[in-house]
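Trainee: Provided below for reference: sequence and predicted model.
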Protein chains: 2
Amino acid sequence: MKGKRTDLGQENCGIARALQIIGDWWSLLIVREAFRGKQRFSEFQKSLALAKNILSSRLKKLVDDGVFVIEPDPDSALSHRYVLTSKGEQLYVILIALWQWGEENCFEPGELDVAMVDKPSGQPLAKLRLMAQDGRALGPRDFHLAPRQSLATDRAARVGV
Amino acid sequence: MKGKRTDLGQENCGIARALQIIGDWWSLLIVREAFRGKQRFSEFQKSLALAKNILSSRLKKLVDDGVFVIEPDPDSALSHRYVLTSKGEQLYVILIALWQWGEENCFEPGELDVAMVDKPSGQPLAKLRLMAQDGRALGPRDFHLAPRQSLATDRAARVGV
């Protein structure tokens, strides 16, 4: 990888490619606001107190990258709404991972007076846990990258292909 | 929140505070490299091909924010190592969430030739799943923010306090 930001989109790494799309504070905060029900430029602008030119460029990139789709605004023929696509909605796992890490590591005890809760029960969400396919809990040193080719070979060997 | 970046660290939101620390492409890629075993400035510099002044400023911020701690380098009295703290290691959930979203949404079929596997079995990790405390699977619209005070009140009401 070179030092240029645009190169991230070609990296052979899911993390790098994800960051190419949402690796910017404002982009993820815009997505956060969308999960809170915001859809219109003016709503994002008001809740984030973000300069219009910055909001405009971030929204354009998020539309270009397939995170939002533009739809007509039923309340105004002159306006439109930014609606999360399925790809955009799947960012919720990243937002919750950020929330839970921030909640644990970035506040003084008793400082944070809100919690992320599940709607039906109103109780705080369970902590995201990384697990193996067989259900074993995995810690920060329990995974690594491996070539996909070797996985296919392993599987083939196990089933006697 | 105002348009200034430094304000994020005061927001009453775990996402905003997490982004204040790691909401920068290079910061998370440096952490990624640390999980791959990199510890020295020269190792980060080589693997990320990052300008020295940018790497230096990002590492300094990550140390200031408690993600890395500086330790002596056993191989060189003139050098030192950047070692992930416990706070830094807990970022693995965010990295895996980014990886899994990127893997699903940012590659053509068959394009990505590596997989994130668990070390003991060598099999791909299970997908991170958001769950309620009682084990119900939660989707992107199944959670919201609530005041902590109301949780305490709810609990008190349930146990008859």
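Mentor: Okay, I see it.
Trainee: and A:V114, how far from B:P109?
Mentor: Separation of A:V114 from B:P109 (Cβ to Cβ, to the nearest Å): 40 Å. C-beta coordinates here come from the backbone N, C-alpha and C atoms, glycine included.
Trainee: which one of those two is surrounded by more residues?
Mentor: A:V114 (17 against 5; other Cβ atoms under 10 Å in any protein chain shown).
Trainee: name the element the nearest residue in space to that one that is not next to it in sequence belongs to?
Mentor: The shortest distance from A:V114 to any non-neighbouring residue, by Cβ to Cβ, 6 or more residues apart in numbering or on different chains, is to B:L145 (4.9 Å). Following DSSP states H and E, the helix or strand that holds B:L145 is strand B:143-147.
Trainee: now that strand: how far from the chain's centre is it?
Mentor: Mean-position distance between strand B:143-147 and its chain equals 22 Å (Cα atoms, centre = their mean, to the nearest Å).
Trainee: which SS class is the residue nearest to A:R32 when sequence neighbours are not counted?
Mentor: Leaving out its chain neighbours, the residue that sits closest to A:R32 by Cβ to Cβ, 6+ apart is B:I15, at 5.5 Å. Secondary structure for B:I15, judged by DSSP: H, G, I helix; E, B strand; the rest coil, is helix.
Trainee: output the strand holding B:L145 as CSV, nothing but the C-alphas.
Mentor: Output in CSV follows, covering the C-alpha atoms of strand B:143-147 (Å, rounded to 0.1, in the frame of the first residue of the first chain):
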residue,chain,number,x,y,z
PHE,B,143,-31.9,-1.3,19.1
HIS,B,144,-31.9,2.3,20.2
LEU,B,145,-30.5,4.6,22.9
ALA,B,146,-32.2,4.9,26.2
PRO,B,147,-31.4,6.9,29.4
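Trainee: ok, residues contacting it?
Mentor: Residues outside strand B:143-147 that contact it (Cβ atoms under 8 Å, 6 or more residues apart in numbering or on different chains): A:36, A:92, A:96, A:113-119, A:122, A:125, B:130.
Trainee: could you do stretch A:95-115 as well?
Mentor: Applying Cβ under 8 Å, 6+ apart, the contact partners of stretch A:95-115 are A:28, A:31-32, A:35, A:116, A:124-125, A:127-128, B:9, B:12-21, B:66, B:87, B:90-91, B:93-94, B:96-97, B:128, B:130, B:143, B:145-149, B:151.
Trainee: give me the subset of those lying in strands.
Mentor: Those of these mapping onto strands are A:116, B:143, B:145-147, per DSSP state E.
Trainee: pull out the buried members of the residues you listed.
Mentor: A:116, B:143, B:146 (16 or more other Cβ atoms under 10 Å in any protein chain shown).
Trainee: okay if I get the residues you listed as TSV plus pLDDT and distance to B:W101?
Mentor: Formatted as TSV, those follow (pLDDT from 0 to 100; distance: Cβ to Cβ, whole Å):
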residue	pLDDT	distance to B:W101
A:M116	95	18
B:F143	95	17
B:A146	92	26
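Trainee: which of those residues sits closest to A:R81?
Mentor: Among those, B:F143 lies closest to A:R81 (Cβ to Cβ), at 22.0 Å.
Trainee: for that closest one, give the beta-bridge partners.
Mentor: Per DSSP bridges, residues listed as beta-bridge partners of B:F143: A:D118.
Trainee: now swap in the one 4 residues further on and tell me
Mentor: In this entry, B:P147 is beta-bridged to A:V114, by DSSP bridges.
Trainee: what sits against the closest residue to A:L125 other than its chain neighbours?
Mentor: Spatial nearest neighbour of A:L125, chain neighbours left out: A:M116 (5.3 Å); criterion: Cβ to Cβ, 6+ apart. Neighbouring residues of A:M116 by Cβ under 8 Å, 6+ apart: A:96, A:99-100, A:103, A:124-125, B:14, B:143-145.
Trainee: average pLDDT for the strand ranked longest in chain A?
Mentor: Criterion DSSP E: the longest strand present in chain A is strand A:76-84. Averaged over strand A:76-84, pLDDT sits at 91.
Trainee: element containing the closest residue to A:K52 other than its chain neighbours, please.
Mentor: Once flanking residues are discounted, A:K52 sits nearest to A:Q45: 6.3 Å by Cβ to Cβ, 6+ apart. Using DSSP H and E, A:Q45 sits in helix A:41-48.
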